[in-house]
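>>> Provided below are the primary sequence and the corresponding predicted coordinates.
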Amino acid sequence: MLDWLRAMFGFQRDNVRNQREHLILLLANSHIRLHPKPKPFNLLDDWAVDSVMKNLFKNYKSWCKCLGRKHSLRGSIQCSFHARVSMLHISQYQHFMATTDPENKSPTLPLPPAEVDYSKVDVILRFLLLAASVVALAVIVSSDQTEQVLFQDVLLPQPAKFKYSPAFVYFVAAFSVSGLYALVSALASISVIQKPGFKLKFLLHFIFWDALILGITASATGAAGSVAYIGLKGNSHVGWIKVCNIYDKFCRHLAGSIAVALFGSIVTVLLIWLSAFTIHSRVPK
């Protein structure tokens with residue numbers, strides 16, 4: 001086999017001899033370490049060939065996984081044919097990596113730096129954003145309250161509803177969009193885990209849309225919070241009276257909904273930071 005490679009690719013005779021000795025030592029070392037011991041012990045076991053092949057092509061498979069590509073090597077050893085194919089792969093690898101001819105020597109690629117995968121963290125944060133959006137909506141929608149209010153010496157039932165304020169209507173619309181986006185983006189993030197080759201493209205889209213959703217939810221939270229603060233404290237300079245001393249349930253629901261919405265905005269900021277950091281970590285130093 002080695003002589004055939006020398007004839008096909010023009011390797012030097014001494015190089016072929018050295019690589020034959022090196023290959024014999026690798027296979028013998030792997031064969032001795034097998035447990036349980038193969039029978040008969042004086043014949044090379046196919047699993048020893050498989051072990052040597054896995055060690056030699058570990059970096060190659062790591063590169064393929066990093067690039068999202070399937071490697072072109074054969075499967076694990078199952079028969080003598082696969083053992084011969086593995087021996088051919090090993091022989092080619094040794095000769096191409098160890099040849100002393102400068103014209104034939106190919107530059108070796110460095111092993112990519114170990115990359116920490118934050119895809120699962122991204123999925124968790126997106127489900128947190130979904131939960132925050134749903135809770136904020138549920139709390140503010142259920143905030144309606146009706147109380148007896150004195151008007152011209154007559155007690156009249158006066159309801160307080162979120163739809164009476166444009167700021168609260170905008171708040172409901174914004175977090176409806178946020179919840180829908182969180183659900184869709186979470187499913188997309190799960191698909192990225194299954195297909196890592198599309199990760200970079202999805203991260204760029206995530207940053208853009210996350211920033212857009214952050215602007216919408218942050219502005220809605222600020223608008224609703226300012227109106228709620230006036231309802232809590234009033235404003236004596238313009239004659240706006242406080243109403244939370246009357247509509248206590250309504251104000252409690254508003255406060256809880258705005259607090260959850262603020263949490264959702266913080267989660268969106270973390271999502272943007274996470275996507276930006278992941279892209280930055282993939283840039284070669």
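That came through, no problem. Numbers count the residues shown, from 1 in each chain.
>>> tell me the contacts of the nearest residue to residue 155 once chain neighbours are set aside?
Using Cβ to Cβ, 6 or more residues apart in numbering and skipping residues adjacent in sequence, the residue nearest residue 155 is residue 148, 4.5 Å away. Any C-beta I mention is one placed from the backbone N, CA and C, and that applies to glycine too. Residues near residue 148 by Cβ atoms under 8 Å, 6 or more residues apart in numbering: 155, 156, 157, 158.
>>> can you give me the helices for the stretch 101-250 of the chain?
119-141, 166-194, 199-233, 248-281 (DSSP state H, counting those that start in this stretch).
>>> got JSON lines for the contacts of residue 148, with distance to residue 271 and neighbour count too?
Listed next are the contacts of residue 148 as JSON lines, based on distance: Cβ to Cβ, whole Å; neighbours: other Cβ atoms under 10 Å:
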{"residue": "155", "distance to residue 271": "50", "neighbour count": "10"}
{"residue": "156", "distance to residue 271": "47", "neighbour count": "10"}
{"residue": "157", "distance to residue 271": "44", "neighbour count": "8"}
{"residue": "158", "distance to residue 271": "42", "neighbour count": "15"}
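>>> which one among those residues gets closest to residue 203?
residue 158 (50.8 Å; Cβ to Cβ).
>>> ok, that closest one touching residue 145?
No - Residue 158 is beyond contact range of residue 145, at 9.6 Å (criterion: Cβ atoms under 8 Å).
>>> residue 166: what's it in contact with?
Contact analysis of residue 166 by Cβ under 8 Å, 6+ apart lists nothing.
>>> quick check, nearest of the contacts of residue 148 to residue 191?
Nearest to residue 191 among the contacts of residue 148: residue 158, at 50.5 Å, using Cβ to Cβ.
>>> which residues does that closest one form a beta bridge with?
Taking DSSP bridges as the rule, residue 158 bridges to residue 147.
>>> quick one: low-confidence residue ranges for the stretch 151-285 of the chain.
Low-confidence segments of the stretch 151-285 of the chain (pLDDT under 70): 151-153, 198, 284-285.
>>> over to the stretch 1-150 of the chain?
In the predicted model, the stretch 1-150 of the chain carries pLDDT under 70 at residues 1-12, 15-16, 19-20, 22-50, 52-53, 56-57, 60, 68, 71-117.
>>> change it to 90
The model of the stretch 1-150 of the chain has pLDDT under 90 over residues 1-122, 143-150.
>>> for the contacts of residue 148, which one is nearest residue 65?
residue 158 (65.2 Å).
>>> gap between that closest one and residue 139?
Noted for residue 158: a distance of 22 Å to residue 139, by Cβ to Cβ, to the nearest Å.
>>> ok, residue 129 next?
Note on residue 129: its distance to residue 139, by Cβ to Cβ, is 16 Å.
>>> between these two, which has more neighbouring residues?
Neighbours of residue 129 and residue 139, each counted by other Cβ atoms under 10 Å, are more numerous for residue 129; the result is 29 against 19.
>>> near the residue nearest to that one when sequence neighbours are not counted, how many other residues are there?
Distance criterion Cβ to Cβ, 6+ apart; nearest residue to residue 129, sequence neighbours excluded, is residue 182 at 4.1 Å. Residue 182: 27 surrounding residues under other Cβ under 10 Å.
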